[in-house]
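[1] A predicted structure for the sequence below; I have some questions about it.
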Amino acid sequence: MVPALKWFYQANIGRIIARLCAQSCQAVTLRRFIIADFSMYICPLCRQPLQLTTRQYQCAARHSFDLAKEGYVNLLPVQQKNSKDPGDNKLMIEARRAFLQSAAYQPLSDAVNELAVQTNPATVLDLGCGEGYYSGRLQQKLNPAARLYGIDISKAAIKYAARHYAAIRFAVASAYQLPFADNSFDSIIRIYAPSDNAELQRVLTPQGRLISVNPGPEHLIEMKQAVYRDVKLHSDAIKQEPGFNHIQRQRLSYQLVLTEPQQLDNLLQMVPLAWKFTSDNRQTFVASTRTISIDFLLDVYQLAQVTP
Ligand SMILES: C[S@@+](CC[C@H](N)C(=O)[O-])C[C@H]1O[C@@H](n2cnc3c(N)ncnc32)[C@H](O)[C@@H]1O
Ligand SMILES: [Zn+2]
């Protein structure tokens, strides 16, 4: 074989097999197993690269992390946990799932996808991906050879996500100590999720982009009006991200027509504001509200160029 061809073959054999399998294998577990093989994970304990050996990720110091039967890996060591079961719990995840499945935030998912595909990224991270709704829809729009990773500190969320989206690599991990090598991602999606600026800079490639979604001024204003006398709007000021240039802002606003009271009940379970309701005014609010204001700010940042 011509040396260059041989090199290409050796470097890409995992990817080639994964693609073939993704297209033709019925065995989901086998597909997951092979897809996970070319990883960008690093050990959360000693920061050395992780290699997949049979069904375990292992570093040179022999720290090992099992691949769960659902296909995800838990890279959250106990030292990085701030509680026994950090992140969103099963009830919150189920409520979010039911709400998102109603297509109420599909316009947001579409807008995020449009921004994400602008640069045709080969590697993408969905930070604080929850149960995987946005990752799952993004996967459909990315180049088929692109690698999409999702992390969340909630094990219940990642379990759900991995069960439903076999082609995406999911890990339980902290956004504050990302288990990825430097310069791993062309794009990071951050939808209502926490992050650490230095970690974002570290894991992005030099041309990498951060797509960030936050509430706009009018977001869920009816809910606020139901619990506060003086309603404070969300700020629409562009958040400065040290080390990044802000390059694009999109505002997405619409009136969501609620199809059934349960939909609003699910939305209430997703938002911290729900704690401000008494059970009586929550019932009244759910029974009397037919539409609700949705207002998102989508901001795109690019790593500021480091001058030599
Ligand atoms: C508001 S939810 C957003 C989930 C998803 N991006 C969406 O919009 O549907 C925030 C998510 O961040 C996760 N989270 C909270 N703290 C985290 C951390 N330190 N590292 C990673 N994920 C975290 C939660 O478990 C939850 O799934
Ligand atoms: Zn290690």
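    Looks like it arrived, so ask away. Numbers count the residues shown, from 1 in each chain. Ligands and ions are numbered 1, 2, ... in the order given.
[2] what about residue 166, how many neighbours?
    Look at residue 166: counted by other C-beta atoms under 10 Å, it has 15 neighbours. For every residue, glycine as well, the C-beta is placed using N, CA and C.
[3] Which positions in stretch 80-90 come out as buried?
    80, 86-88 (16 or more other C-beta atoms under 10 Å).
[4] from the middle of its chain, how far away would stretch 53-70 be?
    Here stretch 53-70 is found 22 Å from its chain centre; the criterion is C-alpha atoms, centre = their mean, to the nearest Å.
[5] quick one on the thing from earlier: give me the subset of the buried residues of stretch 80-90 that also touch ligand 1.
    Subset of the buried residues of stretch 80-90 in contact with ligand 1: 87-88, counting by C-beta under 6 Å from any ligand atom.
[6] got the buried residues of stretch 80-90 as a markdown table, with secondary structure columns?
    Shown next, in a markdown table, are the buried residues of stretch 80-90 (DSSP: H, G, I helix; E, B strand; the rest coil):
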| residue | secondary structure |
| --- | --- |
| 80 | helix |
| 86 | coil |
| 87 | coil |
| 88 | coil |
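[7] Which of the buried residues of stretch 80-90 sits closest to residue 42?
    Taking C-beta to C-beta as the measure, residue 42 lies nearest residue 80 of the buried residues of stretch 80-90, at 13.5 Å.
[8] All the helices of the stretch 51-200 of the chain, residue numbers only.
    90-101, 106-117, 133-141, 155-164, 197-203 (DSSP state H, counting those that start in this stretch).
[9] for those, which one ends up most surrounded?
    Comparing the helices of the stretch 51-200 of the chain by mean neighbour count (mean count of other C-beta atoms under 10 Å), helix 155-164 comes out on top with a mean of 23.
[10] Give me the contacts around that one.
    Residues outside helix 155-164 that contact it (C-beta atoms under 8 Å, 6 or more residues apart in numbering) are 68, 70-72, 74, 76, 85, 87-90, 93, 97, 129-132, 135-136, 150-152, 168, 170-172.
[11] So which of those sit within strands?
    74, 150-152, 170-172 (DSSP state E).
[12] My read is that residue 167 contacts residue 138, right?
    No - using C-beta atoms under 8 Å, residue 167 is not in contact with residue 138; the gap is 11.3 Å.
[13] Can you pull up the residues of the stretch 51-200 of the chain that come close to ligand 1?
    Going by C-beta under 6 Å from any ligand atom, the residues of the stretch 51-200 of the chain near ligand 1 are 87-88, 96, 128-130, 133-134, 152-154, 157, 174-176, 191-194.
[14] re earlier: which neighbours do residue 167 and residue 138 have in common?
    Common contact partners of residue 167 and residue 138 (C-beta under 8 Å, 6+ apart): residue 148.
[15] May I ask which two of the buried residues of stretch 80-90 are separated the most?
    In terms of C-beta to C-beta, the buried residues of stretch 80-90 reach their longest pairwise distance at 80 and 88, which sit 16.7 Å apart.
[16] returning to what we had before: what's the closest of the helices of the stretch 51-200 of the chain to ligand 2?
    helix 197-203 (17.6 Å; C-beta to the ion).
[17] Please list the residues outside that closest one that contact it.
    125, 175-178, 180-185, 188, 210, 241-244, 303.
[18] what's the average pLDDT for that helix?
    The predicted model gives helix 197-203 an average pLDDT of 97.
[19] cool, and stretch 49-69?
    When pLDDT is averaged along stretch 49-69, the result is 94.
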